[in-house]
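Asker: return a 3D structure for these sequence lines:
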Amino acid sequence: MPESTKSSTGTDPHVYVTVLAGGVGSRFWPASTPGRPKQLLSLASDEPLIVDTVNRALGLVPEERIRILASDRLTELILEVLPSLGREAFMVEPQARGTAPVLAWAAWEIAKIDPAAVIVSLHADHIIKPITAYLQLLRDAADLAQETGRLFAVSVPPNRPETGYGYIEPGERLDAPAGVQAFTVAAFHEKPDTETARRYVTEGHFWNSGIFVWTAAAFLGEVRKVAPEIGDLLPLIDDESSEAFFAQVPSATVDVAVLERSARVASVTATFDWDDVGSWEDLTRSREADASGNVVVGLGHVVEGESNVIYTEGSTVVTFGVNGLVVVQSGDITLVSTTERAPDLKRLLEQLPASVREPTTPGGTD
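Answerer: This next block holds a predicted model:
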């Protein structure tokens, strides 16, 4: 792991990091499958996305204050690429119930270890740079969370009208350290259509990165207050088990169940580049393109073509005289689409037989 991301110097000893590591990432099929989801793919660097995420987190906290939130199956897969963490770093979800229950569970367990804990909630599959600015903003957000008792979302200034992200509507400015922009949140907005996305950008709304910072106590207090359907069940974790909690708790996202209902939500504005990398054509932002706008990952060659995305895992792919294609070779499957249609892969998967859609070996079929 890079030396630049291992030091936790300057970080409050009460800070913990949780990493949401669930999901498949079906828009990265056929490389991403239930047997090897998106966060295990090397889309931004030579390392899997989750390894990059943990490497960055190690610049904020030591390994013993990192918790990976994942299913039992994904825990085994992630341990293969992050063996140094050990099983004690994993909180294994008994059932998938969405981000609200699992983050409430994480806060409940971390608060028992450290009642003064501050939790930085990350996703396993984001691309972020530069790391220095990212870590400093998270430290500042952790300080603000301790001082104010607010739940902080990291908002990202948009550089395009994006329909794949939720948006944050800013409210009133808050006092913050020099160089930090903080404000209350007037509203969260779900993923918009193109026209609405353009309006959001014009009106000064921000992308919702899905990165959150709060004290365990403040978050649990808001869960009990605004999401009693979750908060009232939390004692089951101690009285019975986490399995009992997850068996009864309803599925919900933290945005809808908690943040949109809370009057204690605020935001800090990102001072770094952030990308969710939602589908294959997004590799044009996360990987270096050639002079003709082609991105090649693996053994690929583009001849007399422009704006193509080639991703291969072993076989050589050659294109000649074509533009705007996405070609993905993984295992026994090769996908050919256009950059325009690549975001619609979920529609494709609905029409494929299960033996192709969910091969028993990563990226291929038996």
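
Asker: for E222, which non-adjacent residue is closest in space?
Answerer: Using Cβ to Cβ, 6 or more residues apart in numbering and skipping the chain neighbours, the partner closest in space to E222 is S262 (4.8 Å). For the C-beta atoms, the positions are set from N, CA and C on the backbone; glycine is no exception.

Asker: in contact with the one you found, which residues?
Answerer: Neighbouring residues of S262 by Cβ atoms under 8 Å, 6 or more residues apart in numbering: L151, E222, K225, V226.

Asker: how far away is it from V154?
Answerer: Distance, S262 to V154, using Cβ to Cβ, to the nearest Å: 16 Å.

Asker: for R73, same thing?
Answerer: 29 Å.

Asker: check A291 too.
Answerer: 34 Å.

Asker: quick one, which of these two is more surrounded?
Answerer: V154 (27 against 6; other Cβ atoms under 10 Å).

Asker: wait, a strand at that one?
Answerer: Yes. Looking at V154 with DSSP: H, G, I helix; E, B strand; the rest coil, it is inside a strand.

Asker: neighbours of the closest residue to it other than its chain neighbours, just the number please.
Answerer: Nearest residue to V154 in three dimensions, chain neighbours excluded: I211, at 4.0 Å (Cβ to Cβ, 6+ apart). I211 has 23 neighbours, counted by other Cβ under 10 Å.

Asker: same question, V265
Answerer: V265, neighbours per other Cβ under 10 Å, totals 24.

Asker: just checking, E306 touches G293?
Answerer: Yes. Between E306 and G293 a contact is recorded at 5.4 Å, counting by Cβ atoms under 8 Å.

Asker: where does the prediction get shaky in the protein?
Answerer: Along the chain, segments meeting pLDDT under 70 span 1-10, 359-366.

Asker: what is the burial count for the nearest residue to I333 once chain neighbours are set aside?
Answerer: Distances taken as Cβ to Cβ, 6+ apart put P30 closest to I333, at 4.1 Å, once the chain neighbours are dropped. Here the count is done by other Cβ under 10 Å, and P30 has 25 residues near it.

Asker: measure P30 to V277 for me?
Answerer: From P30 to V277 the distance is 17 Å (Cβ to Cβ).

Asker: how is the chain divided into domains?
Answerer: 3-275, 280-357 (automatic domain parsing).

Asker: winner for burial among those?
Answerer: Among the domains of the chain, ranked by average contacts under mean count of other Cβ atoms under 10 Å, first place goes to domain 3-275 (a mean of 19).
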